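Chemist: let me see the structure of the following:
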Amino acid sequence: MTAVDRVADLPSRPAPLDHAAGHPEELRRLLREQRLVSWFQPIVDLSTGAVVAHEALVRGPADSPLHLPDALFGTARRHGLLPELDAACRAAAFRGAAVHGLVEPLSLFVNVEPEVLDSAPLDVLLEIAASAPGHLRVVVELTERALAKRPAELLRTVERVREAGWAVALDDVGAEELSLAFMPLLRPDVVKLDLRLVQDAPGPDVAQVMNAVNAYAEDSGALVLAEGIEHEAHLRLAQALGAGLGQGWMFGRPQAVPAEHLPTGALQLPRRSASAGRDPLASSPFALLPDGVELRQAPKKLLVELSKQLEREALRQGSTCVVASTFQEARHFTPATTGRYRDLAERTAFVCALGEDLPAEPMPGVRGATLSPADPVRGEWDVVVIAPHFSAALLARDLGDDGPDAARRFEYALTYERATVAAAGRALLARVAAQDGVPTLPVPAPAPVPVAEVATPDRAPRAAGAGTGPGTAATGRAPEPGETGAVTDALLRRALAASTSGVCIAELRRPDQPLVYVNPAFERLTGLSADQVLGRNCRFLQGPDTDPRAVASIRAAVRAGREWNGVLLNHRGPEREPWWNEIHLSPVRDDDGVLVQYIGVQTDVTERVRAQRELAAERDRSAAHLARIEQLAFTDPLTGLDNRRRFESRLETALWDARAGGTALAVVLLDLDGFKTVNDTHGHAAGDELLVALADRLRRRLRRADLVCRLGGDELLLALPGLDPSEAAQQAAAVVAQVRRDVTEPVSTAFGAVSVGVSAGVALHPADGDDVTALVHVADQRMFAEKRVHRRR
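Modeler: Predicted coordinates for the structure are as follows:
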């Protein structure tokens, strides 16, 4: 639960609305006089029912207009007081925990706002914690909102928290796929599931989240906490999803004095510590390789191909994958690289590229940071790929060769060891610049727009009924320092009437949540007059072809009081003409924090959607053409098998994997005996049918990881990776024996049954060679030796 969401006494946490921007002096007074207090909500061990922790939730004095957290944080954001408020919240939490005896074995969950990650003062908190009676066990909650925008600050905060001996919780996991991608990099001790996982119906997205979370928990020992548990059905689903801890109304609402009648227990957190010895902010990924890792040397040309292989793997991992790379200098981030990284930015969660003279955003969607010449990463070629179910890193150091760029030698290691890959990823992300447009201190803004009684300049307010709730009528105020004047009702009326975007307001306190206001642009968009739509639920815009998943997502957002953004297929006027509506829905609350209305802003994006679909169709056609070109360039046109060029590239990668994993590999060269006789006797068409049939048999016989290609004519080449080094010869011989039986079995063709024999030569890595050329040469020699034996017979 993030700091701004600390109004956890509501059954479903709504998103905040900054409606209290007019009380900065009140906030300054509360901060100065330390009048903020913490309420506490219990966190329960679901297996025993014991309370093992409390989450601290901030409150202002009951008689203050800033009593509720959305008012506090709305004012703080608008007036640049967020760092002070955030620090005061944690100080109040520690004081309250000390007063109420929430010490060992209990734990205390406190929050850090993402905007102030790098300035959160821990020294004051350490003093308070040290003075508390008993031992104060602290778990610091970090939100997924900070992951992509401020990764360096986030990692620094995690290191400082661990140095203090405290634990880390990652909040709202599953709300965005980015939180799944960053889990192995942040190493949270507690994973707090977004409440929709418990409160919404299970679906594919829930399955994706739980696969990732359970894999991380099993690997790291982290605890899984489900929020929003309000009744038995929620509890059963939380346990089915793998949660061991729970929080929500079912176990207790936030209160100023924690309940004392509940049984208590200890939170069994995994044992972790801050990075020992080497600072990830100063260390390079190559320097983080464990002692004893075998290092090899290779030219840059090979490293480029290995990097492309890792990039392809990242694309397969998709939207929960993080890719972090270094390029030494900006000139190495070539146009070809730009094309590949554009695909990565579109299909993975987070991509960064670092190098000397590279900007903070080398291209749209790719984060970066320029490297100083003194940075040790400047001399490395690193590619890190990490996802919930995959991790790999190519870590290389420039040996300083002169000469052609592609021939420069590097010392490198390829590792799949997850801890090392994650450490290398942290070292690179710790250098990423904060995203532009993410200020540490927000800019003040004018007071909120009154929404329930807005009228156009030329007619009465378009409201269905006269009832308005607290906070919905216009409220004048004196201008704040630095402002030119207050917003008036007349100005608001003119602005809404002139807006080219459709604006509507739905009243949540009335049955069926009817529309109570629409502006002229909304009438034009929908093809209906205000008289035809006011008093109706806006579902009349939908039709049978409207995406039910999008509609369900809107309803879930409204139930939870969250904002919603998306594109929905709507229908216009009595003719029901389809049009694509880009919608932004925002919750509106009264002064007591009660959700009373939703305001919707609509834009017709039909032409954009059509253009996007046409572009996607054209991309599909281009992709099909490119796939066909690649097929022609890299496959044998007759059999569909790889040609020599593709085979050698894949064999190089397989050898790389074998070296890293300590496995053996066999290369097998097959020559078809009697193939020329088939061609001479029955014609080349019969020979072609024979080759196609034998290629199909080999595909069925070999494993998915095995490689097979047609060298040309009557020669085939196989590669068998992943063999046991102590039994590689026997394993390869067994496969060759099976292949012989498959190849020599007669094949029915249009010209009758035909058959051939086969001569085979086998070479083993590492015994017979360490590169493609050497292994193929040895296999070729042994194949000819066997053929000579056949001829003597």
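Chemist: where along the stretch 251-400 of the chain do the strands fall?
Modeler: 296-299, 322-329, 350-356, 367-370, 380-387, 390-398 (DSSP state E, counting those that start in this stretch).
Chemist: of all those strands, which lies closest to residue 409?
Modeler: Residue 409 lies closest to strand 296-299 among these, at 5.5 Å (C-beta to C-beta). Just so you know, the C-beta spots here come from the backbone N, C-alpha and C atoms, and that holds for glycine as well.
Chemist: quick one: distance of that closest one to the chain centre.
Modeler: Once both centres are worked out by C-alpha atoms, centre = their mean, to the nearest Å, strand 296-299 turns out to sit 33 Å from its chain's centre.
Chemist: ranking the strands of the stretch 251-400 of the chain by burial, who's on top?
Modeler: strand 380-387 (a mean of 26; mean count of other C-beta atoms under 10 Å).
Chemist: for that one, packing partners?
Modeler: helix 177-186, helix 300-317, strand 322-329, strand 390-398, helix 418-429 (3 or more C-beta pairs under 8 Å, 6 or more residues apart in numbering; DSSP states H and E).
Chemist: now it against strand 390-398, angle please.
Modeler: 180 degrees (axes from the mean of the first three to the mean of the last three C-alpha atoms, to 10 degrees).
Chemist: list the strands paired with strand 380-387, with their directions.
Modeler: strand 322-329 (antiparallel), strand 390-398 (antiparallel) (DSSP bridges).
Chemist: so how far is residue 100 from residue 108?
Modeler: 10 Å (C-beta to C-beta, to the nearest Å).
Chemist: so for these two, which sits in the more crowded spot?
Modeler: When neighbours are counted by other C-beta atoms under 10 Å, residue 108 and residue 100 differ, and residue 108 comes out ahead with 28 against 16.
Chemist: what pLDDT is listed against that one?
Modeler: For residue 108, the pLDDT comes out at 90.
Chemist: is it true that it lies in a strand?
Modeler: Yes - checked against DSSP: H, G, I helix; E, B strand; the rest coil, residue 108 lies within a strand.
Chemist: surely it is in contact with residue 57?
Modeler: No - at 11.6 Å, residue 108 does not count as touching residue 57 under the criterion of C-beta atoms under 8 Å.
Chemist: if I look at those two, which residues touch both of them?
Modeler: Residues touching both residue 108 and residue 57 (C-beta atoms under 8 Å, 6 or more residues apart in numbering): there are none.
Chemist: looking at the protein, which helix is longest?
Modeler: helix 606-634 (DSSP state H).
Chemist: tell me what it is packed against?
Modeler: strand 577-589, helix 644-661.
Chemist: which of those has the lowest average pLDDT?
Modeler: Among those, helix 644-661 carries the lowest mean pLDDT (a mean of 88).
Chemist: contacts only, for residue 35.
Modeler: Residue 35 neighbours (C-beta under 8 Å, 6+ apart): 29, 60, 61, 64.
Chemist: looking at the helices and strands packed on helix 606-634, which is closest to residue 772?
Modeler: helix 644-661 (5.1 Å).
Chemist: buried residues in the closest one?
Modeler: Buried residues in helix 644-661, defined by neighbour count with 16 or more other C-beta atoms under 10 Å: 644, 646-660.
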